[in-house]
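> A predicted structure for the sequence below; I have some questions about it.
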Amino acid sequence: MTTCGFSASAQWISFKKHERLPLLPEASISSSYQFKTPAFAKFIPRHPEVTPSAYSQNLTEHYVMHMAQHNMRYRVFNTASYNFSQLAQFYVQQKRMSEAKWFFLQSNMLSRQQNNDKLTIHNLTRLAEIKSFIGDFTLAQQDLFEARDIAASRGWLIELVFVEKKLQAIQQNRIVSTCTELRYASNAIATKQNPVE
């Protein structure tokens, strides 16, 4: 058996010094012309909002769902709780509130098991938003009270202020929604007294 080998070595290559060409002179443009923007450019939006296509949304949902399943299968619960939170936020964007609520609950359960209080506070505030959107203000307030207690016990002032603002917003929404219900009730009473024939 015969072997033959070749090797390449850079010691036999000669390096030539190349001449550098002189730099080009800078282009001179009058400063008055350089940065003029047309008058109609003020009204053109710079970054128009592009809604993702249905295919893109399905692909995102499938990818995050697959990552969550993978992390749950291999018992990487900390990452799986973040995956569930991402899925829930994705469903909130699509206004699929029941699915979002379920995934926030799953993420909340996993974050509690892992003692990840920051994610627990985040999940509780997002759950409260969903519950207030649905119209369940008492459960939303309970979630925010729990988040406030966790933030206060840890001494996290920023999260505490954030939760307090959410509590005030939910109480304000509760007052507004009851006012509209009263307004509709008053309309119903007025039409009951004076029926239209």
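Structure received. Not measured: the values here are computed from a predicted model.

> give me the element V163 is part of.
Using DSSP states H and E, V163 sits within helix 157-193.

> go on, K16?
Using DSSP H and E, no helix or strand contains K16.

> Test for you: state the pLDDT assigned to it.
If you check K16, the pLDDT there is 70.

> What is the neighbour count of it?
5 (other C-beta atoms under 10 Å). The C-beta positions use only the backbone N, C-alpha and C, and glycine is treated the same way.

> got it, and I158?
Using other C-beta under 10 Å: I158 sits among 8 other residues.

> Quick one, grab the pLDDT at it.
Model confidence at I158 (pLDDT) stands at 94.

> roughly how far apart are it and T120?
15 Å (C-beta to C-beta, to the nearest Å).

> and what of N108?
6 Å.

> neighbour-wise, which of the two wins?
Neighbour tally, N108 and T120, criterion other C-beta under 10 Å: the higher count belongs to N108, 25 against 22.

> count of residues packed around the closest residue to the more buried one other than its chain neighbours?
Leaving aside its sequence neighbours, N108 sits nearest to N123 (C-beta to C-beta, 6 or more residues apart in numbering; 4.1 Å). By the criterion of other C-beta under 10 Å, N123 has 27 neighbours.

> check contacts around F104.
84-85, 88, 123, 126-127, 130 (C-beta atoms under 8 Å, 6 or more residues apart in numbering).

> Tell me which two of those sit farthest apart.
F84 and I130 (13.9 Å; C-beta to C-beta).

> more crowded one of the two?
For F84 versus I130, neighbours defined as other C-beta under 10 Å are more numerous around F84 (27 against 20).
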